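In: with the sequence up front, the predicted model follows.
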Amino acid sequence: MDAIALLKQDHKTVKALLTELADTTNRALKTRTELLQKIATEIRVHTTIEEEIFYPAFKAASDKADDGKMFFEALEEHRAAGDLVLPDLLDTDVQSDQFGGRAKVLKELVEHHADEEEKEMFPRARELMDKAQLQQLGERMAQRKAELG
């Protein structure tokens with residue numbers, strides 16, 4: 001699987017989990033807890049493989065200032081979701097109203113980030129890298145993903 005297909009599959013998975021979480025009620029203690037752990041793992045693994053493998057390859061292949069802006073914006077979106085909103089959500093009582101609000105904010109951040117990557121960064125990556133490069137990146141990312149579990 002090439003790098004972009006792998007990342008799009010990750011986006012689909014985490015968006016589905018976030019939608020499922022958003023559809024829960026305050027009474028869904030076990031469901032919310034389990035979904036939140038799955039989401040946290042998916043986000044951690046996904047952002048790690050992007051930051052360690054995909055983004056550096058994208059940046060190295062890029063030749064325009066706009067590519068650099070995309071790169072740094074993507075990193076900041078990871079920081080906002082993974083370092084700020086997700087930890088707050090993990091520390092929030094899953095049966096509280098506050099949990100629902102924070103879950104919605106995380107969902108919106110992730111959806112915005114994934115949509116931007118899929119509409120802007122990934123098409124640009126296909127211009128900058130050939131199929132063999134994207135395939136090799138995908139293999140490295142899949143291996144790293146397996147290591148991170």
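Out: Sure, I can see it. Numbering: from 1, shown residues only.
In: what does stretch 4-11 rub up against?
Out: Contacts made with stretch 4-11 from outside it, assessed by C-beta atoms under 8 Å, 6 or more residues apart in numbering, are listed as 1, 42, 45-46, 50, 54, 114, 117-118, 122, 125-126, 134, 138, 141-142, 145. Just so you know, the C-beta spots here come from the backbone N, C-alpha and C atoms, and that holds for glycine as well.
In: out of those, which are buried?
Out: Buried members of the contacts of stretch 4-11, scored by 16 or more other C-beta atoms under 10 Å, are 42, 45-46, 50, 54, 114, 117, 122, 125, 134, 138, 141, 145.
In: buried residues in the lowest-mean-pLDDT helix or strand in the chain?
Out: Sorted by mean pLDDT, DSSP states H and E, the helices and strands of the chain end with helix 65-78, the least confident at a mean of 91. Residues of helix 65-78 classed as buried under the neighbour-count rule (16+ other C-beta under 10 Å) are 67, 70, 71, 74, 77, 78.
In: do the same with stretch 54-66
Out: 54, 55, 57, 58, 62.
In: give the contact list for the first one.
Out: Contacts here follow C-beta under 8 Å, 6+ apart; on that basis residue 54 touches 3, 7, 125, 137, 141.
In: residue 94 versus the spatially most distant residue from the centre of the chain, what's the distance?
Out: Here the centre of the chain is the reference, and by C-alpha atoms, centre = their mean the most remote residue is residue 27, at 27.5 Å. Distance, residue 27 to residue 94, using C-beta to C-beta, to the nearest Å: 10 Å.
In: same check, this time on residue 67
Out: The separation that residue 67 has from residue 94, given C-beta to C-beta, amounts to 40 Å.
In: and stretch 18-36, end to end?
Out: Taking C-alpha to C-alpha, to the nearest Å, the span from the opening residue of stretch 18-36 to its closing residue is 8 Å.
In: ok, and for it, which residues are buried?
Out: Along stretch 18-36, the positions that meet the burial threshold by neighbour count (16+ other C-beta under 10 Å) are 18, 21, 24, 32, 35, 36.
In: show residues contacting it.
Out: 17, 39, 89-90, 94-97, 99-100, 103-104, 106-107, 110-111.
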